[in-house]
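Student: Quick check, what structure comes out for this input:
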Amino acid sequence: MEYQIKKLERDARVLKRLYFIWHLYSGRSVAEAAKMVGVTKTVGYIWLKRWNNDGYKGLIPKFAGGRPPKLSTEDKERLKELLKEKDAWTVSEAQELIRKEFGVEYSYWQVNRILKSFGMKHSKPYPKNYRRPENAEEI
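Tutor: Okay, here's the model as predicted:
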């Protein structure tokens, strides 16, 4: 076990889990070992169960990949083209465009992230001064 710990020092997640198991083999309880590596007792029991079922391979983190995107790659390309038709968009306007064109609801925060991923800057809406004369530019 010490050989595996030395070999995997670069992979901090697995290393932390191996230290947890090592503490258990040293005679500590799950609660003590979990506290020593900085996790909750519940996480400790999960790691212990995975160790007992799958050994070393059970300690390797498993990432499911997350939730699939609401817009496909083709939809995102189409959205990018639609956004280029106008110079300035507010996040709320882009959010409304996505809802109308694709039937997808995104939060304000997520639309902001999408715009940034396209390399686009969004405008901030400024209230119009109702006292401003129509010919203010000429004056």
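Student: where does the chain have low pLDDT?
Tutor: Scanning the chain for pLDDT under 70 picks out 3-10, 64-65, 122-126.
Student: And the residue nearest the centre of it?
Tutor: Nearest to the mean C-alpha position of the chain, by CA atoms, centre = their mean, lies residue 66 at 8.7 Å.
Student: how much space between that one and residue 29?
Tutor: Distance of residue 66 to residue 29, computed by CB to CB, to the nearest Å: 34 Å. Any C-beta I mention is one placed from the backbone N, CA and C, and that applies to glycine too.
Student: before we move on, the earlier item: helix/strand/coil for the residue nearest to the centre of the chain?
Tutor: Under the three-state scheme (DSSP: H, G, I helix; E, B strand; the rest coil), residue 66 adopts coil.
Student: Can you give me the distance of it to residue 111?
Tutor: Shown here: residue 66 relative to residue 111, a distance of 18 Å by CB to CB.
Student: Using the record's assignment, carve the protein into domains.
Tutor: Using automatic domain parsing, the domains assigned to the chain come out as 2-59, 73-117.
Student: In TSV, list those domains along with mean neighbour count and distance to residue 129.
Tutor: As requested, those are exported to TSV (neighbours: other CB atoms under 10 Å; distance: least, CB to CB, whole Å):
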stretch	mean neighbour count	distance to residue 129
domain 2-59	15	56
domain 73-117	14	18
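Student: will you turn these into CSV that also has distance to residue 131?
Tutor: Formatted as CSV, the domains of the chain follow (distance: least, CB to CB, whole Å):
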stretch, distance to residue 131
domain 2-59, 60
domain 73-117, 23
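Student: What are the boundaries of the helices in this protein?
Tutor: 2-7, 12-25, 30-37, 41-54, 56-59, 73-84, 91-102, 108-117 (DSSP state H).
Student: Dump those into CSV; add distance to residue 136 as well.
Tutor: CSV is the format used below for these (distance: least, CB to CB, whole Å):
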stretch, distance to residue 136
helix 2-7, 72
helix 12-25, 60
helix 30-37, 66
helix 41-54, 63
helix 56-59, 68
helix 73-84, 29
helix 91-102, 24
helix 108-117, 30
